[in-house]
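*Asks:* model this:
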Amino acid sequence: MRILLLSHGLPPDSVGGVEQHVSGLAEALVDLGHDVDIFARGDLPRRPQGTFEQTVTGNPAVWRAAYRWEGVDSLDALYQCEPMAEATARFLSGRASEGIRYDAAHVHHLTGMSVESLHRIAAAGVPTVLTLHDYWLVSPCGQLFFHEGPLEQRADPEQTGAVLTRLFPGWMKADPRGAVARMQERSRAALAAPARLIVPSARAIPAFTGLGVERERFTVVENGVDTRRLEQIAPPAGGPGPLRVGYFGTLIPSKGLDVLIRAVLQLPPGMVELQIHGNAVPYHGDESYLTRCFQQVHPGKGVTYYGPYSLEELPDRMASIDVLAAPALWHEAFGLTVREALAAARPALVSRIGGLQDAVDDGRQGRVLPPGDVAAWAAAIRELAVDRAVLRRFSDRCRGKARSFAEMAAELVGIYNEVAKGPAIS
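*Replies:* Numbering: from 1, shown residues only. I've put the predicted structure just below:
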């Protein structure tokens, strides 16, 4: 098949979970014998917005389109990025003029890509699949999380309007109710465009059924990870020395890093070494969270920030820890880093919220803990630091809980084939 993947970013420019997921999927599809093109948003500072260029040749081939949110002055403009919708249409038209027709397009995120892109793809006659990795089509707070904590997992216009008025007061002051209504109607139309909607966990579905999308339209496809390389990592040695706890992911409030830091700082000096790996970015323009996290940390406290990482760097970084901590506070749709840790035989401590709680059997591959409960997280970390036999026992049960990119890609190819054939004629 000839498959087009669309994403709001791609490594090395952008190294979030979705972007790395798209990279891994592309390579797995190529390994299965398919031709893959990727069309992704990029900053491209010297190019006008809406222009695109091929940046990688071969298979997969990559095109990056320039979009930097210039001129975004309303909630409508945040979702309707007209330069990107036009860029998508021109890209498809150009490929068609070269004799290239896609059997399926798989869209992975639309922030900075325009919800209208889905309609342009449909107009070009390309069957489309959309994976909903988070809740951005429900609210610009794509993780349904505000500074005080997680929002309810539903499309409540009053809740959404109140949060957005605090986030974007200039955009919302004139007509908050109307702005939310337009956003939700636009999202309903966008969700109606693809032939198939995919979620990595059934726990993500309620937020979208709240918008009026029929539950029957969703297919659960569990995300894959790079098991091929991660399973080559030796299990953690289990001491002596400090327990090496790893945090992997973007450093934003919804991920709960502040909870983890406070839990570690409750423990005796020298008991734990916390390694923080991930991209440090402002949360909706607010940089105070990073300050709040790191102002707790002083020399000798055993907390080190190692910066962002690529898929290629992941195995070495994962090998440097004994246990992974995922203290998320939002209804995470899946939790890639947890599955990556399990593939590397690293036990995981996860929050009892969203799709994270499905990754770990409590007491077998790690612990499932109350989100935000600093004392509970400190106790779970202490248990593994004090009794390394428990760590080894958990480690022995980890592998096999995560599936590979290849397994995921094979399942998705089946879906691509179905949408390429079109609806059955009754």
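*Asks:* and the nearest residue to Leu75 once chain neighbours are set aside, what element?
*Replies:* In this structure, Leu75 finds its nearest non-sequential neighbour in Ala179, 4.7 Å apart by CB to CB, 6 or more residues apart in numbering. Where you see a C-beta, it was placed from the backbone N, CA and C, and this is true even at glycine. In the assignment (DSSP states H and E), Ala179 maps to helix 176-192.
*Asks:* where does pLDDT dip in this structure?
*Replies:* 145-155, 284-285, 424-426 (pLDDT under 70).
*Asks:* could you identify the longest strand within it?
*Replies:* When the chain is parsed with DSSP state E, its longest strand is strand 35-42.
*Asks:* show me what that strand is packed up against.
*Replies:* strand 2-7, helix 17-31, strand 52-56, strand 61-66, helix 82-97 (3 or more CB pairs under 8 Å, 6 or more residues apart in numbering; DSSP states H and E).
*Asks:* now Met133: how far from His106?
*Replies:* That one is not Met; residue 133 is His. 12 Å (CB to CB, to the nearest Å).
*Asks:* if I pick Tyr247, what's in contact with it?
*Replies:* Contact partners of Tyr247, counting by CB atoms under 8 Å, 6 or more residues apart in numbering, are Leu257, Leu260, Leu274, Gln275, Ile276, His277, Gly278, Leu324, Ala325, Ala326, Pro327.
*Asks:* all the strands of the stretch 201-350 of the chain, residue numbers only.
*Replies:* With DSSP state E, counting those that start in this stretch, the ranges of strands along the stretch 201-350 of the chain come out as 218-220, 243-248, 272-277, 303-307, 323-326, 348-351.
*Asks:* okay, the angle between the fourth one and strand 243-248?
*Replies:* Strand 303-307 runs at 40 degrees relative to strand 243-248, counting by axes from the mean of the first three to the mean of the last three CA atoms, to 10 degrees.
*Asks:* circling back to that earlier point, just the contacts of Tyr247 now: which is nearest Trp63?
*Replies:* Nearest to Trp63 out of the contacts of Tyr247 is Gly278 (CB to CB; 26.9 Å).
*Asks:* setting aside sequence neighbours, what's the nearest residue to that closest one?
*Replies:* Gly249 (4.8 Å).
*Asks:* doesn't Lys255 make contact with the one you found?
*Replies:* Yes: the pair Gly249 / Lys255 is scored as a contact, 5.1 Å apart, by CB atoms under 8 Å.
*Asks:* give me the common contacts of those two.
*Replies:* Ala326.
*Asks:* could you dump the contacts of Tyr247 to TSV with neighbour count?
*Replies:* Putting those into TSV (neighbours: other CB atoms under 10 Å) gives the following:
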residue	neighbour count
Leu257	28
Leu260	24
Leu274	26
Gln275	20
Ile276	22
His277	23
Gly278	22
Leu324	27
Ala325	32
Ala326	26
Pro327	26
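*Asks:* quick one: which of those is nearest Leu311?
*Replies:* After measuring those against Leu311 - CB to CB - the closest member comes out as His277, at 12.6 Å.
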